[in-house]
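Visitor: Sequence and predicted structure, then a few things I'm wondering about:
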Amino acid sequence: MNYIKSQSSTEFLILTGLGFLIVMVFIALSANEVKEFRDQKEFFLLKDLALKLQKEASIAASVEDGYERTFTLPDKLENTVDYSIITQNSVITVNSSKTVFSVRIPDITGNFTKGSNKIERKAGKIYINRQ
């Protein structure tokens with residue numbers, strides 16, 4: 001009789017341990033998937049911002065002189081992703097600590113910045129944040 005009780009207890013502990021091991025493996029795999037999802041989301045946030053800036057520059061390049069528009073860029077994307085913008089040789093590069101995205105733009109003078117930005121077209125040239 002004691003043998004049956006101890007066998008049941010042993011089986012219960014083995015099955016509980018096995019269940020615990022399966023749950024731990026599932027959690028580890030899920031954490032990796034969440035990290036990959038977060039990295040993908042960050043890439044798409046940077047891509048969207050770069051394409052928005054490209055669109056702003058393209059619109060300014062396609063209209064007549066006198067065009068002027070003010071728009072705001074957030075300090076962080078979705079309040080979590082810190083980023084920087086580099087404008088160099090008709091290319092805008094938006095980067096964060098994990099990823100980078102670049103797009104070609106028309107020739108511009110000036111740089112996009114976080115916060116308020118003013119884009120204008122004067123004498124056939126596009127100016128960003130001209131003083």
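Guide: Arrived safely.
Visitor: Now do the same contact list for the closest residue to residue 64 other than its chain neighbours.
Guide: Nearest residue to residue 64 in three dimensions, chain neighbours excluded: residue 121, at 7.4 Å (Cβ to Cβ, 6 or more residues apart in numbering). Yep, even glycine has a C-beta here, placed from its N, CA and C like the rest. Shown in contact with residue 121 (Cβ atoms under 8 Å, 6 or more residues apart in numbering): 60-61, 63-68, 127.
Visitor: how about 7 Å then?
Guide: 60, 63, 65-67 (Cβ atoms under 7 Å, 6 or more residues apart in numbering).
Visitor: Which helix or which strand is home to it?
Guide: Assessed by DSSP states H and E, residue 121 sits inside strand 115-122.
Visitor: That strand - which strands sit beside it in the sheet, and in what orientation?
Guide: strand 68-73 (antiparallel), strand 125-128 (antiparallel) (DSSP bridges).
Visitor: got these as CSV, with distance to residue 12, mean pLDDT and mean neighbour count columns?
Guide: Shown next, in CSV, are these (distance: least, Cβ to Cβ, whole Å; pLDDT from 0 to 100; neighbours: other Cβ atoms under 10 Å):
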stretch, distance to residue 12, mean pLDDT, mean neighbour count
strand 68-73, 59, 96, 12
strand 125-128, 69, 94, 18
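Visitor: Go ahead and confirm residue 106 touches residue 124.
Guide: No - using Cβ atoms under 7 Å, residue 106 makes no contact with residue 124, being 10.9 Å away.
Visitor: Name the residues contacting each of these two.
Guide: Common neighbours of residue 106 and residue 124 (Cβ under 7 Å, 6+ apart) do not exist.
Visitor: got CSV for the strands paired with strand 115-122, with distance to residue 52 too?
Guide: CSV is the format used below for those (distance: least, Cβ to Cβ, whole Å):
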stretch, distance to residue 52
strand 68-73, 9
strand 125-128, 13
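Visitor: Show the backbone phi and psi for the residue sitting nearest the centre point of the chain.
Guide: Most central in the chain under Cα atoms, centre = their mean is residue 42, positioned 2.3 Å from the mean C-alpha point. For residue 42, the backbone dihedrals (degrees, to the nearest 10) come out as phi -60, psi -40.
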